[in-house]
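In: Here is a sequence with its predicted model. Questions after.
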Amino acid sequence: MSILEQLNPAQREAAAATKGPVLVLAGAGSGKTRVLTYRIAHLIQEQGVAPWNILAVTFTNKAAGEMRERVEHLVGDLANEIWIGTFHSICARLLRYEAEHFGLDRSFSIYDEDDRRAAMRRVFEAYNINDKDLTPRSVIAQISRAKNAMVDPMTFASEAGQSANKKLIADLYTAYEADLRRNNALDFDDLLVETVRQFDNHPNVLEKYQQRFHYAHVDEYQDTNRPQYMLCRQLADHHRNLCVVGDDDQSIYQFRGADLRNILDFERDYPDAQTVRLEQNYRSTKRILEAANQVIANNKDRKGKALWTDGEEGHLIELVQCDTDRREARFVVESLRQLTGSGGYAPGDAAILYRTNAQSRALEEELQRSGLRYTIVGSIRFYERREIKDVLTYLRLLANPADDVGLRRIINVPRRGIGDTSLDYVQRHALNNGLNLFTAIGQLDFVEGLNARARKQIAAFRDIMEDLSAARKTAQLAELGQLVFERSGYLQMLRDENTPEAQMREENVEQLIAFMTEFSDTREEATLEAFLEEIALMSPMDETEGNGNAITLMTLHSAKGLEYPVVFMCGMEENLFPTARSVEESRRDPQAIEEERRLCYVGITRARERLYLTYTNRRYAYGNMIDCDPSRFLQEIPDELFSVKREVVDFNPRMRKPGQTRFGTSSQRESNRSGQQVRKKVVEKKMPKGVHYEWDAPKQASEDLFSDLVDQDDFLAVGQWVRHASWGKGQIVARDGQGENMKLSIRFGPHVKKVAVAYAQLEPA
């Protein structure tokens, strides 16, 4: 029996299509990784293809590792002969292998965002540019966009025209590239761009890899940018056995340069391509899938498919309207408390998704009060922590002494009394003599301007690096890491600090050294360069595992590729999701809103069993309380898929049918606006048992900012107790003004603070 018999009919069709170009449109949760791995196993076991003739490329180390594990399970050790990796790791491998042909030094460093900005700051200094007028971050972003469009500095300059700003950026681009070459470094974008250019310039080298890779597989093809698209075409041009797998409905990285046209126009690029749709979903319930299908169907620029499942109908989607973002956070946290209490779910089963990082503040504060464990994806990553980057920079400098950015980072860490002025003297000597900084610090007697003390301190650093360089020749990888930690003085610095934070930083470095041991034990080529390259090529998504059974908070962009039994999507409001920018652009370009809708589709399809969609009437933004409208995406989901929940009476919803809203009839809503006094009124439908919300306050008719929430004479009277998001519980001791101009003096413990009611987000205690 063929190995492909284990697949469903559509998966089997895709895996069996091994001749010529193939486009696999794989919906969310449809088993695309399964198709790719079984296809590779089918090629090796049943079609006699040598494993070294197969290439498989994806976007994250995590995805590449999972693919390799699955292939190894199917074909055993032969999996080690297959080139499986991310675009960036495959390109870094090619550039190092062919460094001699390409005119590169194979020990080149790979610069991350911090390194790029440090290099650009040096360029700014050379051009005497004030950061207030132009920032390194903004210039790097423009350079990155240019590289992803395959625009080199010369072309960029020629396209600048008469624009003084563009001419300046062109000069900075040129200087930045020269600085990279001087430091024997490539940035993240260069790994792709340089590979494509070198293949164009060295067709004989390209032909070698075209002959090697008889079959090429590309995962997440909808996320490819121009250099990745060109690389795929280059490598598959001879045998034309290119299989790309992706979902045009999940293309959400246009801001990173991803080009949706790459997948939409695949059949134009390859007229003989076979197209297979994977639409059977193995993740979500029928109701969740129907909501996703209904939303994405409103996009015009798509191939078209409809997810379906043999699974259960599932729970209704909870549509929850909250009065403020603070109430929204409380609802989410109280629901999670119930779900993780008697609801049968663990904290790690739940994710809270939002459009922007700023939305996490209120959620974090409520989670902290609740005692529920949580983790935030997108906070400081392990390899971005200061102590980890410092130790890695020492190691990077050992691998590539020409790395001036790295040297400047750690020459005075720990503090050695080496100031910027002294280092500038050495830098000037290096530039005047065509040297890198490390070589220049070996010529201190010839550096003008240095005093005796500075020479002594710099020489001491040079001696440390030379000792470590000598030790590197015999030391194992982890041993070298320990030597750097100790001989650099970093370990002693942390112990001298003698604080809990310093102890935690020491433990972090010990964890890094432990990983170096693991790397040596599990890698055939466990060199320092290979280790540094693996770290440099890690993406944020590679660090989302191991949340310690905690609730996960993240942006919708970070959630792609993940799944959870319970998902909360917060802030489902116009001008937040979709964003105000996309709403504005849609007035000129109807396509502008479509990526936001794809992002909504991605969020919905992260949920396996329960999905909560929340939005607010009012939200704090830009220092003010602003009115909010429900997102258009909510209106695209049929009413019958929802269970509606609200916490207060007046919602002023914009989604309505004639005389009817999802929250009652129009006449009922108008009656509520008339000033009718209502206490403890709660509308609930099919909420988790035990979850109960109420706002015990009278309803007023006034349009004042707060009068539609509470009776101020009751709630904000002198002597009343209130709760503040940051300061906790306090008692009102004085009150001035009326309405939105009201100011209160509130005693929080021993301190009295005066607050403006319009901005304080006060609630009854």
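Out: Perfect, thanks for sending it.
In: least trustworthy helix or strand in the chain by mean pLDDT?
Out: For the chain, using mean pLDDT, DSSP states H and E, the weakest element among its helices and strands is helix 666-673, scoring a mean of 33.
In: So what's the residue count around Ile411?
Out: 23 (other Cβ atoms under 10 Å). No exception for glycine: its C-beta is placed from N, CA and C like everyone else's.
In: Would you agree it is in contact with Ile458?
Out: Yes - using Cβ atoms under 8 Å, Ile411 is in contact with Ile458, at 7.4 Å.
In: list the residues that contact both of those two?
Out: Residues touching both Ile411 and Ile458 by Cβ atoms under 8 Å, 6 or more residues apart in numbering: Ile418.
In: Please enumerate the strands of the stretch 151-300 of the chain.
Out: In order along the chain, the stretch 151-300 of the chain carries the following strands (DSSP state E, counting those that start in this stretch): 185-187, 215-218, 242-246, 274-278.
In: and Gly20, which of those strands is closest to it?
Out: strand 274-278 (6.9 Å; Cβ to Cβ).
In: List the buried residues of stretch 88-104.
Out: His88, Ser89, Ile90, Cys91, Ala92, Arg93, Leu94, Leu95, Arg96, Glu98, Phe102, Leu104 (16 or more other Cβ atoms under 10 Å).
In: for stretch 457-476, same thing?
Out: Here stretch 457-476 shows Gln457, Ile458, Phe461, Ile464, Met465, Leu468, Arg472, Ala475 as buried, counting by 16+ other Cβ under 10 Å.
In: then it to CSV, C-alphas only?
Out: What follows is stretch 457-476, C-alpha atoms only, in CSV (Å, rounded to 0.1, in the frame of the first residue of the first chain):
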residue,chain,number,x,y,z
GLN,A,457,42.5,50.0,29.4
ILE,A,458,42.1,49.3,25.7
ALA,A,459,45.2,47.1,25.7
ALA,A,460,43.7,45.1,28.6
PHE,A,461,40.6,44.4,26.6
ARG,A,462,42.8,43.4,23.6
ASP,A,463,44.7,40.9,25.8
ILE,A,464,41.4,39.4,27.0
MET,A,465,40.2,38.8,23.4
GLU,A,466,43.6,37.4,22.3
ASP,A,467,43.5,34.9,25.2
LEU,A,468,40.0,33.9,24.3
SER,A,469,41.0,33.6,20.7
ALA,A,470,43.8,31.2,21.6
ALA,A,471,41.5,29.2,23.9
ARG,A,472,39.0,28.8,21.1
LYS,A,473,41.4,26.6,19.2
THR,A,474,41.0,23.8,21.7
ALA,A,475,37.9,24.5,23.7
GLN,A,476,34.5,22.9,23.1
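In: Show me what it is in contact with.
Out: 394, 397-398, 401, 411, 416-418, 422, 426, 438, 441-442, 444, 450, 480, 483-484, 487-489, 520, 528.
In: buried subset of these?
Out: Buried among these by 16+ other Cβ under 10 Å: 394, 397-398, 401, 411, 416, 418, 422, 426, 438, 441, 444, 450, 480, 483-484, 487-489, 528.
In: Restricted to helices, list those.
Out: Tyr394, Leu397, Leu398, Ser422, Val426, Phe438, Leu480, Leu483, Val484, Arg487, Leu528 (DSSP state H).
In: Closest to Ala28 out of the residues you listed?
Out: Leu528 (39.9 Å).
In: measure the closest one to Ile110 for me?
Out: As judged by Cβ to Cβ, to the nearest Å, Leu528 and Ile110 stand 13 Å apart.
In: just the helices in the stretch 51-200 of the chain please.
Out: 61-75, 87-97, 99-102, 113-127, 136-148, 153-158, 164-182, 188-201 (DSSP state H, counting those that start in this stretch).
In: now the strands for the stretch 451-600 of the chain?
Out: Under DSSP E, counting those that start in this stretch, the stretch 451-600 of the chain gives strands at 551-555, 564-569.
In: would a markdown table of those strands with mean neighbour count be doable?
Out: Shown next, in a markdown table, are the strands of the stretch 451-600 of the chain (neighbours: other Cβ atoms under 10 Å):
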| stretch | mean neighbour count |
| --- | --- |
| strand 551-555 | 24 |
| strand 564-569 | 24 |
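In: quick one: which of these is nearest Val49?
Out: With Cβ to Cβ as the criterion, Val49 lies closest to strand 564-569 of the strands of the stretch 451-600 of the chain, at 37.4 Å.
In: Point out the other elements, helices or strands, that the closest one touches.
Out: Applying 3 or more Cβ pairs under 8 Å, 6 or more residues apart in numbering; DSSP states H and E, one finds that strand 564-569 makes contact with helix 325-341, strand 350-354, helix 594-604, strand 607-616.
In: closest to Phe715 out of the ones you listed?
Out: The nearest among those, by Cβ to Cβ, is helix 325-341 at 14.5 Å.
In: Quick one: mean pLDDT for that closest one?
Out: Averaging pLDDT along helix 325-341 yields 92.
In: now do stretch 377-387
Out: The model assigns stretch 377-387 a mean pLDDT of 75.
In: next one: phi and psi at the nearest residue to Thr324 once chain neighbours are set aside?
Out: Nearest residue to Thr324, sequence neighbours excluded (Cβ to Cβ, 6 or more residues apart in numbering): Arg618, at 5.2 Å. Dihedral pair for Arg618: phi -140, psi 150, per degrees, to the nearest 10.
In: can you pull the pLDDT of the residue most central in space within the chain?
Out: Taking Cα atoms, centre = their mean, the centroid of the chain lies closest to Ser558, which sits 4.4 Å from it. At Ser558, the predicted lDDT confidence score is 89.
In: quick one: it and Asp247, what's the gap?
Out: 17 Å.
In: repeat for Ala273
Out: Taking Cβ to Cβ, one finds Ala273 at 16 Å from Asp247.
In: In terms of packing, which of those two has more residues around it?
Out: Between Ala273 and Asp247, counted using other Cβ under 10 Å, Asp247 has the larger neighbour count: 27 against 18.
In: Might you report the residue contacts of the more buried one?
Out: Leu25, Ala26, Gly27, Ala28, Lys32, Gln222.
In: most neighbours, which of those residues?
Out: Counting by other Cβ under 10 Å, top hit in the contacts of Asp247: Ala26 with 29 neighbours.
In: That one reaches Leu36, doesn't it?
Out: No - Ala26 lies out of contact with Leu36 (Cβ under 8 Å); the separation is 9.2 Å.
In: can you list residues touching both of these two?
Out: Val245.
In: returning to that earlier point: now tabulate the buried residues of stretch 88-104 in a markdown table and tack on pLDDT and distance to Pro590.
Out: Listed next are the buried residues of stretch 88-104 as a markdown table, based on pLDDT from 0 to 100; distance: Cβ to Cβ, whole Å:
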| residue | pLDDT | distance to Pro590 |
| --- | --- | --- |
| His88 | 93 | 34 |
| Ser89 | 92 | 38 |
| Ile90 | 94 | 37 |
| Cys91 | 95 | 36 |
| Ala92 | 93 | 40 |
| Arg93 | 92 | 42 |
| Leu94 | 95 | 41 |
| Leu95 | 95 | 41 |
| Arg96 | 93 | 46 |
| Glu98 | 94 | 45 |
| Phe102 | 92 | 44 |
| Leu104 | 90 | 45 |
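In: Just send the strands of the stretch 451-600 of the chain back as CSV, with mean pLDDT and distance to Gly341 too.
Out: Formatted as CSV, those follow (pLDDT from 0 to 100; distance: least, Cβ to Cβ, whole Å):
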stretch, mean pLDDT, distance to Gly341
strand 551-555, 92, 13
strand 564-569, 97, 13
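In: Is it possible to get a markdown table of those that adds distance to Gly20?
Out: Listed next are the strands of the stretch 451-600 of the chain as a markdown table, based on distance: least, Cβ to Cβ, whole Å:
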| stretch | distance to Gly20 |
| --- | --- |
| strand 551-555 | 39 |
| strand 564-569 | 38 |
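In: To Glu177, which of those strands lies closest?
Out: strand 551-555 (31.8 Å).
In: counting contacts, what elements does the closest one pack onto?
Out: Short answer (3+ Cβ pairs under 8 Å, 6+ apart): strand 551-555 packs on strand 350-354, helix 360-370, strand 374-376.
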